[in-house]
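Undergrad: Quick one, structure for this:
(one chain, ligands or ions: 1)
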Amino acid sequence: MILGKHFTLEASGLLTFAGGVLAPEPDIRRLADVLPVLYADVPPSDRPLYYMYRGVCLEKDRELYQQHDIRYDITVVLPGTIGKEYIKTVGHFHPLKPHSSETYPEYYEVLDGEAIYLLQKNNRSGEVEEIMAVEAKKGDKVFIPPAYGHVTINPGSQPLVMVNLIESHFSSLYGPFREKRGAAYYYLEGEDGKGDFVKNTHYQNSVALKMVAAPNLSQPVSIVKNKSLYEAFVAEPEAFKILK
Ligand SMILES: O=P(O)(O)OC[C@H]1O[C@H](O)[C@H](O)[C@@H](O)[C@@H]1O
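TA: So this is what the prediction gives:
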């Protein structure tokens, strides 16, 4: 799916789709929805923070996605802050795959803007065991491995347009981040206008944050090295059976 060809980004952050693209109405997450995971207590409001277009595809590819139980979503995360905190997604974990001890993974790609993906692994008591911040720019792909909860932050001054490929039937788990008021680190605007990571003291233990540049990550599906996620899935859907 190509920004500028298959869809355009309006100043509001909403998308307009070209002919031949199947796209649902977006789900909207508003400030009131993210309150339980924010650094600061702020008054609820219906200010929109991000738009989620779930199940986008070209008409000609609809069956291919359906046959493989894979969904392609586009999310626009608006730029800005809530108090000092950069706008972010609520964040969630994925459930176990049926008859497996592994949870569903996911593949992300940045189409425009910048992202920080917080990837967090918890122990059985819900305390953080490992956390990394993956810095991603246009064209970068980020695989979310099984067992990692994830939060997306927009650290930039432009809307972040990102996409994901994911198994199409499961429901995400919101409890673990909600119970701890978010991931183990918050990303706040510092004095100099740059972002700072600040520890979330609702976790009893303390784990250093690992910074990772997205291009240094390994790619479990090698075809994504030369193709967008959309093109890669259409060219080689079998390569994405790791998502199921
Ligand atoms: O569910 P949230 O934590 O708000 O995160 C938002 C994202 O979640 C999943 O990855 C969905 O497939 C995306 O469509 C959505 O953008």
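Undergrad: mind checking how far Leu111 is from Val134?
TA: Counting by Cβ to Cβ, to the nearest Å, the gap from Leu111 to Val134 is 16 Å. Quick note: C-beta positions are derived from backbone N, CA and C, even for glycine.
Undergrad: Please read the previous query as pertaining to Val207.
TA: As judged by Cβ to Cβ, Val207 and Val134 stand 16 Å apart.
Undergrad: what about stretch 219-234, start to end distance?
TA: 17 Å (Cα to Cα, to the nearest Å).
Undergrad: what does that stretch contact?
TA: Stretch 219-234 has contacts (Cβ atoms under 8 Å, 6 or more residues apart in numbering) with 1-2, 61, 64-65, 70, 72, 107, 109, 141, 143, 163-165, 235-236, 239-240, 242.
Undergrad: which of the residues you listed are close to the ligand?
TA: Applying Cβ under 6 Å from any ligand atom, the subset of the contacts of stretch 219-234 adjacent to the ligand comprises Asn164.
Undergrad: tell me the secondary structure for the closest residue to Asp61 other than its chain neighbours?
TA: Distances taken as Cβ to Cβ, 6 or more residues apart in numbering place Val234 nearest to Asp61, at 5.7 Å, with adjacent residues excluded. Secondary structure state of Val234, per DSSP: H, G, I helix; E, B strand; the rest coil, is helix.
Undergrad: dump the residue contacts of the residue nearest the centre of the chain.
TA: In the chain, the residue lying closest to the centroid (Cα atoms, centre = their mean) is Thr152, at 4.7 Å. The contact partners of Thr152, by Cβ under 8 Å, 6+ apart, come to Thr75, Val77, Lys88, Thr89, Gly91, Tyr108, Ala115, Ile116, Tyr117, Leu118, Leu160, Met162.
Undergrad: I figured the fourth one hits Val151, correct?
TA: Yes: applying Cβ atoms under 8 Å as the test, Thr89 and Val151 come out as touching, 5.7 Å apart.
Undergrad: Can you name the residues of the protein sitting close to the ligand?
TA: When proximity is defined by Cβ under 6 Å from any ligand atom, the chain lies next to the ligand at Arg29, Met52, Arg54, Asp73, Thr75, Thr89, Val90, Gly91, His92, Asn164, Ile166, Ser172.
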